[in-house]
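1. quick one, what's the 3D model for this:
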Amino acid sequence: MSETTETWFDQPLAFTIAERHVRGRLVRLCPVLNTIMTAHSYPPAAEKLLAEALVLTVLLGSTLKDAGSQLTLQAQTGGGPVELLVCDYKDGELRGYLKFDAERLAEVGSDPTLFALFGEGFLAITFDQAATGERYQGIVPLEGTSIGDAAEHYFEQSEQIPSLIKLSSRHDAEAGCVAGGLLLQHLPEGEVGRDRLHVRHDHPEWEHARTIAETLKGDELTDPATSLETLAWRLFHEEEVRIEPGAAISRGCRCSTGYFAGVLAKFPEAERRDMADEAGVIRIDCAFCSRIFPVPLDEISAAS
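-> Numbers count the residues shown, from 1 in each chain. Sure thing, here's the model as predicted:
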């Protein structure tokens, strides 16, 4: 592994093991994660779910190569206490929101299963490609012990890529919420045009890498004293590992009065008047940042 500046928080680390046709990503979130969390008061079970979903969003979103491309993660409930989970990543900007029934969530305990949280829910993973304008979406059941299990099923069913996803979070008295994750995937064997290995899940190269990666513990992913390069080295020190730090992550709420004015301009004028208060202002509640954006009707007219 070549020398590099070490990566600690709020920045993904990409790595490849060429001889085993494996690629991966590591990330640990803390300052950005807590900025997102403080917009709402989340109980422990909700905080853990959202934190790990945000880590997963970075792991997947940071694989997008073109500027302006976006990854959206949305879970739809099937009668569980969690009513809505949505996260997205675009050009290093991360945001997420969780809506839930507090009383029902308190009944499921501190470490609930996905079924206890969502019931018969589904996870939708959407890739919007800026360069081509194409959209790819996969929908899989929310099954397993964590949202990472559901994402593994997505790659197996929709992308047909053998994958391993490990997620972990904890709440530190001083640092607040800390969460980390690993994404490991088997690449096509050789260059573009060669057959994928998805029909060969027992390929020794993949099984070797997966077995090693599965030894990674949750407390290592969230350990603030261990750099991501160190984690990669601990796991694959017998291999030639190529690493590349990704773009720094920031909290990204793209809401603004001008943005909402443009959206509201698409509504008929009569409907806009019905939405406005006595002062002629439409007030938009942004769930991501927990802010109210007042949009005067005259600004909407100017945007149309």
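
2. what about residue 49, distance to residue 172?
-> Separation of residue 49 from residue 172 (C-beta to C-beta, to the nearest Å) stands at 18 Å. Yep, even glycine has a C-beta here, placed from its N, CA and C like the rest.

3. give me the mean pLDDT for stretch 17-29.
-> Averaged across stretch 17-29, pLDDT comes to 92.

4. list the buried ones in it?
-> The neighbour-count check on stretch 17-29 (16 or more other C-beta atoms under 10 Å) flags 17, 20, 21, 22, 23, 24, 25, 26, 27, 28, 29 as buried.

5. quick one: the residues you listed as a markdown table, columns for distance to residue 144 and secondary structure too.
-> What follows is these, written out as a markdown table (distance: C-beta to C-beta, whole Å; DSSP: H, G, I helix; E, B strand; the rest coil):
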| residue | distance to residue 144 | secondary structure |
| --- | --- | --- |
| 17 | 26 | strand |
| 20 | 26 | helix |
| 21 | 26 | coil |
| 22 | 22 | strand |
| 23 | 23 | strand |
| 24 | 20 | strand |
| 25 | 20 | strand |
| 26 | 21 | strand |
| 27 | 20 | strand |
| 28 | 22 | strand |
| 29 | 21 | strand |
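
6. got TSV for these, with distance to residue 183 too?
-> Output for the buried residues of stretch 17-29, formatted as TSV (distance: C-beta to C-beta, whole Å):
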residue	distance to residue 183
17	13
20	15
21	15
22	11
23	9
24	6
25	5
26	8
27	9
28	13
29	14
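
7. in those, find the pair that's most separated.
-> Greatest spatial distance in the buried residues of stretch 17-29: 21 and 29, 28.4 Å, computed using C-beta to C-beta.

8. and the strands in the stretch 151-300 of the chain?
-> Here the stretch 151-300 of the chain has its strands, by DSSP state E, counting those that start in this stretch, at 163-172, 176-186, 242-245, 250-251, 281-286, 291-296.
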